[in-house]
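K.L.:
Coordinates only, no sequence provided:
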């Protein structure tokens, strides 16, 4: 596996470019494409159209963690790798004025774009923080729910990431993570590819290893609540059937 610092540098650069490019995508010229892409992975049209359009246009992830997180009014929610902020904004709607939705992302361009969207939309219960998910800028036991959308597979230190999630959760707090896992061995050239790493493929763990990593971090009742085979346009034929999108719930 490649050097951890190299991986982070490449991922940060790639997603910084995504944030910059999405700035030219206006609601009128890309809304249909965005809506269909988001619907395919679990977002409703209503959800997509109630968040800032520039936010919905950034990436798609591999699921909708807010759909299964059973968010309640007044809860504090943390999104790991929040990107443009779509899941933060959706969570903010669900937890209401007495709750709070926080997003953490390590890419400055994503962070700035998300903050700008929050200011523009006058979201009072939203906060974005610049930081790494392996070292969260969040206080101990201050979070009710943690969500994440196809980001933890990008981390070169997944156990550290889940331990950080465990640290910041309140007792009996929960996580609902949408992510990619593998079934069977991936070709070595793909495992060693920077593009495949940044594309959420090469860094994905095998299903049981992923679940065991969450348990090792201290979580209990680790359960896959939804899953489906994952594919995207142009995916290497050798990966067909080997990449699975899962949504995992667990408790502290």
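P.N.:
Sure thing, it's come through. Given the structure is predicted, the values throughout are model-derived calculations rather than measurements.

K.L.:
Below-threshold pLDDT in the stretch 101-250 of the chain: ranges please.
P.N.:
193-200, 202, 233-234 (pLDDT under 70).

K.L.:
at 90 what do you get?
P.N.:
For the stretch 101-250 of the chain, the stretches flagged by pLDDT under 90 are 153-154, 156, 183-204, 228-243.

K.L.:
Work out the gap between the longest helix anywhere in the chain and the centre of the chain.
P.N.:
The single longest helix within the chain, with elements called by DSSP state H, is helix 4-22. Computed by CA atoms, centre = their mean, to the nearest Å, the chain-centroid distance of helix 4-22 equals 15 Å.

K.L.:
now that helix: mean pLDDT?
P.N.:
Helix 4-22 carries an average pLDDT of 72.

K.L.:
and if you look at stretch 55-64?
P.N.:
Averaging pLDDT along stretch 55-64 gives 72.

K.L.:
Quick one: end-to-end distance for it.
P.N.:
14 Å (CA to CA, to the nearest Å).

K.L.:
cool, and stretch 68-81?
P.N.:
For stretch 68-81, the end-to-end distance is 18 Å (CA to CA).

K.L.:
Please identify the buried residues of that stretch?
P.N.:
68, 69, 71, 75, 76, 77, 78, 79, 80, 81 (16 or more other CB atoms under 10 Å). Every C-beta, even on glycine, is put in place using the N, C-alpha and C of the backbone.

K.L.:
And stretch 96-106, by the same measure?
P.N.:
For stretch 96-106, by 16+ other CB under 10 Å, it's 99, 100, 101, 102, 103, 104, 105, 106.

K.L.:
And it, how far out from the chain middle?
P.N.:
With CA atoms, centre = their mean, you get 14 Å for stretch 96-106.

K.L.:
What's the end-to-end length of that stretch?
P.N.:
OK, stretch 96-106 end separation, CA to CA: 26 Å.

K.L.:
List the contacts of that stretch.
P.N.:
8, 12, 71-83, 85, 87-89, 91-92, 95, 111, 114, 124-133, 136-138, 143 (CB atoms under 8 Å, 6 or more residues apart in numbering).
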